[in-house]
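Undergrad: This is a predicted model, with the sequence first.
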Amino acid sequence: MKEFIINENEAGQRFDKYLAKLLREAPKSFFYKMMRKKNITLNGKKATGNEKLFSGDHVKLFLSDETFEKFSGNDSAPRAHYALDIIYEDENILLINKPAGMLSQPADDGIPSLVEYLTGYLLKNGSLTENDLRTFRPSVCNRLDRNTSGLIAAGKSLSGLQELSGMFKSRELHKYYLCLVEGVLKEERYIKGYLAKDKKSNKVTIYKQEKENALPVETKYYPLGTNGTRTLLKVELITGRAHQIRAHLASEGHSVVGDPKYGKADKKLKGQLLHSFRMEFPSMKGSLSYLSGKVFTAPIPEIFLRTLKEEKLEESYYENLE
């Protein structure tokens with residue numbers, strides 16, 4: 001027999017969802033059958049699986065060690081180590097300033113992403129244990145392109161992860177970016193279009209009119225300064241599609257400087273000068289209510305600031321944002 005006590009990271013979810021994580025290699029029919037036979041119990045009673053879990057609940061599995069090991073799996077959560085730039089952290093969430101060149105989420109190439117670095121960080125500082133990772137895995141709630149830097153929000157508790165994800169999905173959390181673009185822009189604009197992605201080329205196309213399999217996109221930008229050749233923009237991401245800012249601005253004739261996919265590569269730059277610099281939290285209830293109305297910013301990378309100096313746009317950056 002094995003016994004587990006539900007902790008804060010596991011509370012709030014359905015019992016069957018918890019069992020699917022604990023016995024990740026088992027078919028659902030197995031643990032439903034075990035519940036019917038009372039080989040799996042919740043607080044000493046027969047369960048159906050749709051019960052909501054609370055911190056302190058007792059789960060008992062009357063299974064052999066061999067059966068448990070077979071169905072729980074022995075794959076540990078992938079982790080890696082990197083000195084993360086933490087902008088904010090509490091018991092539920094983290095805001096991380098991701099450097100350009102780092103993947104936001106795992107890919108098939110096996111290169112560590114921010115998710116693996118996040119797991120390694122939380123294990124190292126004791127926020128999570130190996131046992132916790134059986135039923136909860138921290139994750140990021142938004143993603144940035146590999147060569148886009150800036151703020152990424154991550155959940156380090158189940159409630160934090162769920163509430164953050166809900167805010168991104170409902171677009172209640174406002175996200176602002178800085179980018180240097182080709183050409184002169186002097187008026188703020190709210191642009192709309194339709195975005196279609198080609199998975200083979202990992203590239204998107206923006207259309208002015210509605211098109212089959214294309215998703216609507218909305219982007220708002222505010223010029224902060226121009227030197228007559230290039231413009232520093234603040235961009236508000238209304239919708240959050242893949243490559244949206246890069247492709248949408250390029251479709252207007254103003255590609256992001258250094259963008260090899262939608263503009264022109266620059267040998268002095270590792271990628272596009274696009275940085276997620278600001279997040280504004282809405283008024284809210286729930287476990288993250290203490291963040292209502294909070295605003296967080298992340299400084300631009302050194303290469304971005306150095307380029308602004310070269311382009312005589314450094315003053316525009318400080319005047320508008322500092």
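TA: Ah, there it is.

Undergrad: Check residue 130 and give its pLDDT.
TA: At residue 130, the pLDDT value in this model is 87.

Undergrad: what's the answer for residue 31, then?
TA: 89.

Undergrad: ditto for the one 5 residues further on
TA: Turning to residue 36, the model gives it a pLDDT of 95.

Undergrad: Equivalent analysis for residue 74, please.
TA: pLDDT, residue 74: 63.

Undergrad: Dump stretch 77-88 to CSV, restricted to CA.
TA: Provided in CSV are the C-alpha atoms of stretch 77-88 (Å, rounded to 0.1, in the frame of the first residue of the first chain):
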residue,chain,number,x,y,z
ALA,A,77,11.2,15.7,-15.2
PRO,A,78,13.8,17.1,-17.5
ARG,A,79,15.9,19.8,-16.0
ALA,A,80,18.9,22.0,-16.8
HIS,A,81,20.8,24.8,-15.0
TYR,A,82,21.3,28.4,-16.0
ALA,A,83,21.5,31.6,-14.1
LEU,A,84,18.0,32.9,-14.8
ASP,A,85,17.3,36.6,-14.7
ILE,A,86,14.3,36.6,-12.3
ILE,A,87,12.3,39.9,-12.4
TYR,A,88,9.7,38.8,-9.8
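
Undergrad: mind listing what's buried in that stretch?
TA: 77, 79, 84, 87 (16 or more other CB atoms under 10 Å). C-beta: built from backbone N, CA, C; applies to glycine.

Undergrad: Check stretch 5-23 too.
TA: Neighbour count says stretch 5-23 has 6-13, 15-16, 18-20, 22-23 buried, by 16+ other CB under 10 Å.

Undergrad: Then stretch 166-178?
TA: 167, 173, 175, 176, 177, 178.

Undergrad: Tell me, how many residues neighbour the nearest residue to residue 256 once chain neighbours are set aside?
TA: Counting by CB to CB, 6 or more residues apart in numbering, residue 256 lies nearest to residue 272, which is 4.4 Å off, once chain neighbours are set aside. Around residue 272 there are 28 other residues, counting by other CB atoms under 10 Å.

Undergrad: Pipe the buried residues of stretch 166-178 into JSON lines and attach distance to residue 99, secondary structure and pLDDT per row.
TA: JSON lines is the format used below for those (distance: CB to CB, whole Å; DSSP: H, G, I helix; E, B strand; the rest coil; pLDDT from 0 to 100):
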{"residue": "167", "distance to residue 99": "24", "secondary structure": "helix", "pLDDT": "93"}
{"residue": "173", "distance to residue 99": "22", "secondary structure": "coil", "pLDDT": "94"}
{"residue": "175", "distance to residue 99": "18", "secondary structure": "strand", "pLDDT": "95"}
{"residue": "176", "distance to residue 99": "19", "secondary structure": "strand", "pLDDT": "97"}
{"residue": "177", "distance to residue 99": "15", "secondary structure": "strand", "pLDDT": "97"}
{"residue": "178", "distance to residue 99": "15", "secondary structure": "strand", "pLDDT": "97"}
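
Undergrad: would JSON lines of these with distance to residue 147 be doable?
TA: Listed next are the buried residues of stretch 166-178 as JSON lines, based on distance: CB to CB, whole Å:
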{"residue": "167", "distance to residue 147": "26"}
{"residue": "173", "distance to residue 147": "23"}
{"residue": "175", "distance to residue 147": "18"}
{"residue": "176", "distance to residue 147": "19"}
{"residue": "177", "distance to residue 147": "13"}
{"residue": "178", "distance to residue 147": "15"}
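
Undergrad: Residue 145 touches residue 246, doesn't it?
TA: Yes. Using CB atoms under 8 Å, residue 145 makes contact with residue 246 at a distance of 7.3 Å.

Undergrad: Correct me if wrong, but residue 79 is in a strand.
TA: No. Assessed by DSSP: H, G, I helix; E, B strand; the rest coil, residue 79 does not belong to a strand; its assignment is coil.

Undergrad: For it, give me its contacts.
TA: If you count contacts by CB atoms under 8 Å, 6 or more residues apart in numbering, residue 79 has them with 116, 117, 119, 120, 123.

Undergrad: how does it look with 6 Å?
TA: Residue 79 makes contact with 116, 119, 120, according to CB atoms under 6 Å, 6 or more residues apart in numbering.

Undergrad: likewise residue 205?
TA: residue 196.

Undergrad: that older thread, looking at residue 145 and residue 246, which has the bigger crowd around it?
TA: Neighbour count, other CB under 10 Å: between residue 145 and residue 246, residue 246 has more, with 23 against 20.

Undergrad: Not counting sequence-adjacent ones, nearest residue to the more buried one?
TA: residue 262 (4.8 Å).

Undergrad: Kindly report the same for residue 98.
TA: Residue 98's closest residue in space is residue 152 (CB to CB, 6+ apart), at 5.0 Å.

Undergrad: Kindly report the same for residue 85.
TA: In space, and not counting its chain neighbours, residue 85 is closest to residue 97: 4.0 Å by CB to CB, 6+ apart.

Undergrad: Perfect, that will be all.
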